[in-house]
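Enquirer: here are the coordinates; sequence isn't available:
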């Protein structure tokens, strides 16, 4: 687990693997809310290493350090399979230990990541909305690639029901328009350009007396930045929260992050994307379907209470388990 979303993706997969009698061990790095979410979901894990930061050199150094630690962790334990959602330290360690690996992801333009993960993996697993020809340059041809229908969020949220108390715990006034906001991934290599839209969105929402905007930062630096603005209509949690319940109960989501956008779609909540990088196949599909709205001007945000709950799509996580355990073709 190298990012908060991985905890959510693998939770139902881990549960099903263990119910089938498989032994599963989880490793994690200290980044954003990853460790907090593992604790929140009661998932035992071994953690080592941290995120390397924004520069390529620091990322490489952190990757080398984590890979060495991962290799030491796995050596002599006779693992049969390594599973990751785009985590290259696991891909490198598994390859050196001759452990077959399956690599999942749902954004195809993280070039540096996929040139490693896809080439080392025995199986590459993505949504079927990503055109296969975009993955061939990473070595993920038809002999490796397996695609699943829909969104990964529709699988891991299949058994999810929102906790109604989460809004009260944060002091949200439900009579206002409630908006969940996710900042851009400032430290991601594939998102180098500064997202100038995010500060404008914060200013637009944070000064509206009819709005309560819950901002879910990725890092402590982002948390401090948003709090320092002193915007009266903005709420910034001090720790990891049940973001899925917030999304399900909110009137609107405005997010620069892919996972939160797709969670909103899966949960039937209206959502704008402020993502500043190149759109991947999943987002292109959702925009064509009218389930994800691109935002280029903060003044264009439609702020209104949700009239009725949007339609949810639930998919059986057993489908992903069967793909991940399948014999490579």
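Expert: Done, it's in. Remember, predicted model here, so these are calculated numbers, not experimental data.
Enquirer: only C-alpha atoms from now on, for both contacts and neighbour counts.
Expert: OK.
Enquirer: distance of residue 270 relative to residue 6?
Expert: Distance of residue 270 to residue 6, computed by Cα to Cα, to the nearest Å: 23 Å.
Enquirer: nope, residue 141 is what I was after
Expert: 24 Å.
Enquirer: between residue 270 and residue 6, who's got more neighbours?
Expert: residue 270 (22 against 19; other Cα atoms under 10 Å).
Enquirer: quick check, residue 205 in a helix?
Expert: Yes: with DSSP: H, G, I helix; E, B strand; the rest coil as the criterion, residue 205 is assigned to a helix.
Enquirer: what's the pLDDT at it?
Expert: Confidence at residue 205, expressed as pLDDT, is 97.
Enquirer: how close does residue 166 sit to residue 182?
Expert: Residue 166 is 17 Å from residue 182, by Cα to Cα.
Enquirer: show me which of the two is the more surrounded one.
Expert: residue 182 (22 against 17).
Enquirer: phi, psi of the more buried one?
Expert: According to degrees, to the nearest 10, the main-chain angles of residue 182 amount to phi -120, psi 120.
Enquirer: now swap in residue 3 and tell me
Expert: phi -150, psi 160.
Enquirer: OK, contacts around it?
Expert: 29, 31, 32, 33, 34 (Cα atoms under 8 Å, 6 or more residues apart in numbering).
Enquirer: and of the residues you listed, the nearest to residue 218?
Expert: Minimum distance to residue 218 across those is 5.4 Å, recorded for residue 32 (Cα to Cα).
Enquirer: okay, now residue 76: neighbour count?
Expert: When neighbours are counted by other Cα under 10 Å, residue 76 comes out with 9.
Enquirer: now it: how far from residue 97?
Expert: 9 Å.
Enquirer: repeat for residue 306
Expert: Taking Cα to Cα, one finds residue 306 at 52 Å from residue 97.
Enquirer: quick one: residues contacting the closest residue to residue 75 other than its chain neighbours.
Expert: In this structure, residue 75 finds its nearest non-sequential neighbour in residue 97, 6.9 Å apart by Cα to Cα, 6 or more residues apart in numbering. Contacts for residue 97 (Cα under 8 Å, 6+ apart) come out as 71, 74, 75.
Enquirer: now, those residues that are in helices?
Expert: 71, 74 (DSSP state H).
Enquirer: buried ones among the contacts of residue 97?
Expert: 71, 74 (16 or more other Cα atoms under 10 Å).
Enquirer: any idea which of the contacts of residue 97 is closest to residue 275?
Expert: residue 71 (34.7 Å).
Enquirer: any idea which element the closest residue to that closest one other than its chain neighbours lies in?
Expert: Distances taken as Cα to Cα, 6+ apart place residue 93 nearest to residue 71, at 4.9 Å, with adjacent residues excluded. Following DSSP states H and E, one finds residue 93 within helix 88-96.
Enquirer: how about that helix: buried residues?
Expert: 88, 89, 90, 91, 92, 93, 94, 95.
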